[in-house]
Structure formats: structure tokens, C-alpha cells
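Q: Quick one, structure for this:
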Amino acid sequence: MAVMRIAPELQPLYLLADSQLLFWRRQGRLLLEEAIDRLAGTTPISAAYIGASNGDRPEFYDIFEAAVDAVGIADRRMIDSSFGRADRAFLEGAQMVVLAGGDVRRGWDTFEQTGMKDVILGRYAQGAVLVGISAGAVQLGRYGVVEAPDSPESGLFDVFDLVPLVIDAHDERAGWARLARAIESLRGAAIGLGIPSGGGVVAHTDGMIEPLRRPAHKLVFDGIRVVHSLVRAE
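A: Numbering: from 1, shown residues only. You can find the predicted model right below:
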């Protein structure tokens, strides 16, 4: 007798410019409450924090702990960059995975070298909620950006590509110049999305981008130049 397996439902992706939205309330409810409500029937919920992009700095894990405390998640763990056996086992069962801020390339190199990358992708495919903060938000997009001081162009490297956009965060004071250079170099092959300080977006599985708290910034190459527009909450 054949056994029918039901594929897990993919969850929206939460891309935050910084940690402010971890404590933000929408209509009286914390954003993380909304996220874990989608995990109905999964108890208890476990949350993994990956600090590879910031070198596993404990003060940033403390912020994560306060955020998950506020929504009643007691089963949580910091996944160390060395990615030992116990950390791997915890991450393989986590229902929420938070990718921390820091240096996009540093974190990505750790993901690839340790095997975290495949485990994170596996958790997403199995229905876990992924939250990216700053560098973590960039890593959930299509490319990371590396800028060489002696070059006017931006170098790009592949990241998760779970959101088919080039993401940047909290660069509004520079007018999203780094992101604009990256989008111009791609000559129309990708769209850029800038997430301002204190803001975020929910990337829904149907492709809709929902800004949180503040409008997001959309950058598109029109064949001649990069055109900048705002994406506002509906």
C-alpha cells in the first residue's frame, strides 16, 4: 500500500533591517507572534540563532533571547560558527531560524564551509520560519555585494536566493548607492530592495513583498539608469 506524504507548507520569510522589529507590535501583537502562529500544531517551538556573520558575539544573542522570551519560546540555542554535533542536531529540528546581522560575506563563508547552508535550506523546505536581520536579510536574497575600494563597481556573490531580489539594509543615508551600483552592474537581470533602518519586509510565498513599519525602496535598471521608487504597505 502506497503511503501518501503531504509536503510541508513553506513559510513567509521575514527580512528585517535591524533588531527593532523583533519587539515591534502590529495591532497589539508582536511580529514574532504572527510568525509562530503560522506554526500551529508544532509544540514546543524551538528557535535557533546563527551568529556567524557577527563572530558569535554574545550581546546580540542576548537581544534574540529577549525577543523569543517575549513570545514564550524557551527552547532556544545559539548555533556556534564551529557547528559541532550538538549545534547541528538542534538546528536540524528548529522551527524558527534567525540569521544575525554583521558581515554578509563572513557569515556566508561560514555557512558554506561548515554545512550550515544545506541545513538552513532543509529547515526552510520543511516549513520552518526564517528571519534574517541586516546581513541575514541580505543572505536570504539573490546576491551579496562586495565593494572594492579601488573599483567603482560592486562585486556580487551568490547567497540563498530564497527571495529573488538583491537586498540591502539601513543604507538610506547614502541613498542606497551601494545597491544602485549592484543593480546597474546586473543590467536588468535583478531588482534591488532596500530595507530602511527600523523597517522590514515579509516576503510571502506568492511573491508579494509586504513592507513593515516603513516603506521599502525598490531599485530597477530601466536600460539607461537605475530608477528608485517606494514600496508601501497596502
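Q: Okay, now the unreliable bits of the protein?
A: Low-confidence regions of the chain, defined by pLDDT under 70, span residues 1-7, 40-42, 147-154, 234.
Q: where exactly do the helices run in it?
A: In chain order, the chain shows helices spanning 31-37, 58-70, 85-93, 104-114, 116-125, 135-139, 177-186, with DSSP state H as the criterion.
Q: Alpha carbons of the third one, in PDB - could you do that?
A: This points to helix 85-93. Extracted C-alpha coordinates of helix 85-93, given in PDB (Å, rounded to 0.1, in the frame of the first residue of the first chain):
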ATOM      1  CA  ARG A  85      27.400  17.900  16.600                       C
ATOM      2  CA  ALA A  86      25.000  19.300  19.200                       C
ATOM      3  CA  ASP A  87      24.500  22.500  17.300                       C
ATOM      4  CA  ARG A  88      23.800  20.600  14.100                       C
ATOM      5  CA  ALA A  89      21.200  18.400  15.900                       C
ATOM      6  CA  PHE A  90      19.400  21.400  17.300                       C
ATOM      7  CA  LEU A  91      19.400  23.300  14.100                       C
ATOM      8  CA  GLU A  92      18.000  20.300  12.200                       C
ATOM      9  CA  GLY A  93      15.000  20.300  14.400                       C
END
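Q: about what we covered before: just say which of the helices of the chain is most tucked in.
A: Across the helices of the chain, the average number of neighbours (mean count of other CB atoms under 10 Å) peaks for helix 135-139, which reaches a mean of 28. Where you see a C-beta, it was placed from the backbone N, CA and C, and this is true even at glycine.
Q: OK, contacts around residue 219?
A: For residue 219, the contacting residues are 176, 179, 180, 183, 191, 192, 193, 194, 226, 227, 228, taking CB atoms under 8 Å, 6 or more residues apart in numbering as the criterion.
Q: how much space between the most centrally placed residue in the chain and residue 12?
A: With distances taken as CA atoms, centre = their mean, the chain has residue 132 as the residue nearest its mean C-alpha position (2.4 Å). Taking CB to CB, to the nearest Å as the measure, residue 132 and residue 12 are separated by 12 Å.
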